[in-house]
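*Asks:* starting from these lines, generate the structure:
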Amino acid sequence: IGIALGLVFAICYIIIAAYMDSTIHGKNEIMACFNIPIIGNIPMSEKEEQEKKKHRLFGKKKDNFDIFGRNLVINEKTPFAITEAYKKARTNVFYLPIEGNCHKIVLTSALAAEGKTVASINITKLLAQAGKRVLLIDADMRNPKVSRYLGLDEQAGLSEYLAGICPVAEVLQNDAIGADVIVSGKSSSSAAELLATARMDLLLEEKENDYDYIIIDTPPINIVTDSLILADKVNGYLIGVRAEYSNTVSLKQAVTSLEQVDANILGVILINTDPKVEEYGQYGAYSKYHAYRYNYNNDYNPAEFNENSATGENNKKNRNRYERRS
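*Replies:* Down below sits the predicted model:
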């Protein structure tokens with residue numbers, strides 16, 4: 001009897017933990033709480049997998065995802081699974097419901113260290129490899145990383161251009177990723193004010209004739225308002241979400257902030273996922289209980305999504321992007 005009761009208590013604990021845990025472990029949590037397409041599902045790197053094992057064995061370690069950031073930029077040594085996952089994300093970006101010849105897309109996140117900058121760089125690189133003309137702008141003028149990850153000159157960038165110190169021709173750099181890049185420039189406490197200037201509007205208006213895609217990396221929404229200022233200047237937002245780190249509470253807050261400025265949320269890029277969790281659920285052998293908690297919807301179908309957009313349904317500014325759950 002004691003063994004049976006212990007087993008019952010253990011199962012009950014697992015079920016309650018599944019209900020109480022707001023951590024995003026994989027795509028199932030996003031599909032259960034949000035009505036936002038998952039544009040990309042990027043598996044974790046070998047180093048991140050090693051860190052996860054250390055966490056299980058020795059307890060929580062200092063988060064060092066950012067330390068690996070430069071190593072996560074795809075190259076010839078990148079594992080096949082990661083490269084292919086980003087290529088699938090690129091294909092989905094092709095089919096986003098955006099009108100016009102130049103697609104201006106902001107990549108942001110709810111919190112810091114969720115992988116949005118790495119995703120921005122990798123999406124930019126793969127779009128360029130597909131023959132697209134791409135401009136990557138680092139609009140995170142508070143904590144810039146694009147120049148560090150790509151090894152670019154940080155002497156002059158977006159902040160200098162927006163402040164009227166130099167023309168745009170002096171801040172454009174051509175990188176080995178095959179795209180043009182505007183780094184952030186010197187850090188500025190007035191980043192939000194700079195992004196709201198007419199010079200930012202002018203930059204996007206002038207460059208939309210030169211590029212097929214303008215990818216803009218911005219600060220986390222729940223920390224500063226910089227990203228929200230671009231809502232009426234771009235076609236839409238992609239939100240970076242890092243598995244085993246991001247949570248549904250913070251993500252809902254970010255989505256709400258975007259809705260309040262009538263921003264167009266194009267989708268989520270899920271980063272650093274564990275294939276085992278994606279396949280079996282967080283609790284392994286007890287995944288049947290996990291499956292009961294979450295809704296298993298169909299994956300994002302870009303062709304179907306694009307077809308719907310022709311009717312105008314998906315081009316409306318979204319007021320009901322997710323289902324609020326008490």
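*Asks:* from now on I want contacts and neighbour counts done on CA atoms only, so please keep to that.
*Replies:* Fine.
*Asks:* what segments of the stretch 1-150 of the chain are helices?
*Replies:* 2-20, 27-33, 46-58, 80-94, 116-129, 146-150 (DSSP state H, counting those that start in this stretch).
*Asks:* what does stretch 72-86 contact?
*Replies:* Around stretch 72-86, the neighbours that count as contacts under CA atoms under 8 Å, 6 or more residues apart in numbering are G40, N41, I42, P43, M44, S45, V118, I121, N122, I123, L126, Y149.
*Asks:* if we use 10 Å, what do you get?
*Replies:* The set of residues external to stretch 72-86 that reach it, using CA atoms under 10 Å, 6 or more residues apart in numbering, is 39-47, 65-66, 71, 87-92, 115, 117-123, 125-126, 149-150, 177, 269, 271-272.
*Asks:* show me the helices in the stretch 201-326 of the chain, by range?
*Replies:* Ranges of helices within the stretch 201-326 of the chain are 248-260, 275-280, 287-293, 302-309, based on DSSP H, counting those that start in this stretch.
*Asks:* tell me which residues form a beta bridge with the closest residue to I38 other than its chain neighbours?
*Replies:* The shortest distance from I38 to any residue other than its chain neighbours is 4.8 Å, reached at V268 (CA to CA, 6 or more residues apart in numbering). According to DSSP bridges, I38, I239 are recorded as the beta-bridge partners of V268.
*Asks:* on that earlier part again, buried subset of the contacts of stretch 72-86 as a PyMOL selection?
*Replies:* The buried subset of the contacts of stretch 72-86, as determined by 16 or more other CA atoms under 10 Å, is captured in PyMOL by this line:
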select buried, resi 39+40+41+42+43+44+45+65+66+87+88+89+90+91+92+115+117+118+119+120+121+122+123+125+126+149+150+177+269+271+272
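*Asks:* for whichever strand or helix holds Y161, packing partners?
*Replies:* Taking DSSP states H and E as the definition, Y161 sits inside helix 158-162. In this structure, helix 158-162 makes packing contacts with strand 134-138, strand 180-182, helix 191-195, helix 198-207, judged by 3 or more CA pairs under 10 Å, 6 or more residues apart in numbering; DSSP states H and E.
*Asks:* wait, which of these is closest to Y237?
*Replies:* strand 134-138 (14.1 Å; CA to CA).
*Asks:* angle of that closest one against helix 116-129?
*Replies:* Direction vectors for strand 134-138 and helix 116-129, defined by axes from the mean of the first three to the mean of the last three CA atoms, to 10 degrees, enclose an angle of 160 degrees.
*Asks:* hey, least reliable of the helices of the stretch 1-150 of the chain by pLDDT?
*Replies:* In terms of average pLDDT, helix 46-58 trails the rest of the helices of the stretch 1-150 of the chain, at a mean of 61.
*Asks:* residues contacting the residue most central in space within the chain?
*Replies:* The centroid of the chain falls nearest to G240 when counting by CA atoms, centre = their mean (1.7 Å). Shown in contact with G240 (CA under 10 Å, 6+ apart): 40, 107-111, 113-120, 220, 246, 251, 267-271.
*Asks:* switch to 7 Å and redo it
*Replies:* G240 makes contact with L107, T108, S109, E114, G115, K116, V268, I269, L270, I271 under the criterion CA atoms under 7 Å, 6 or more residues apart in numbering.
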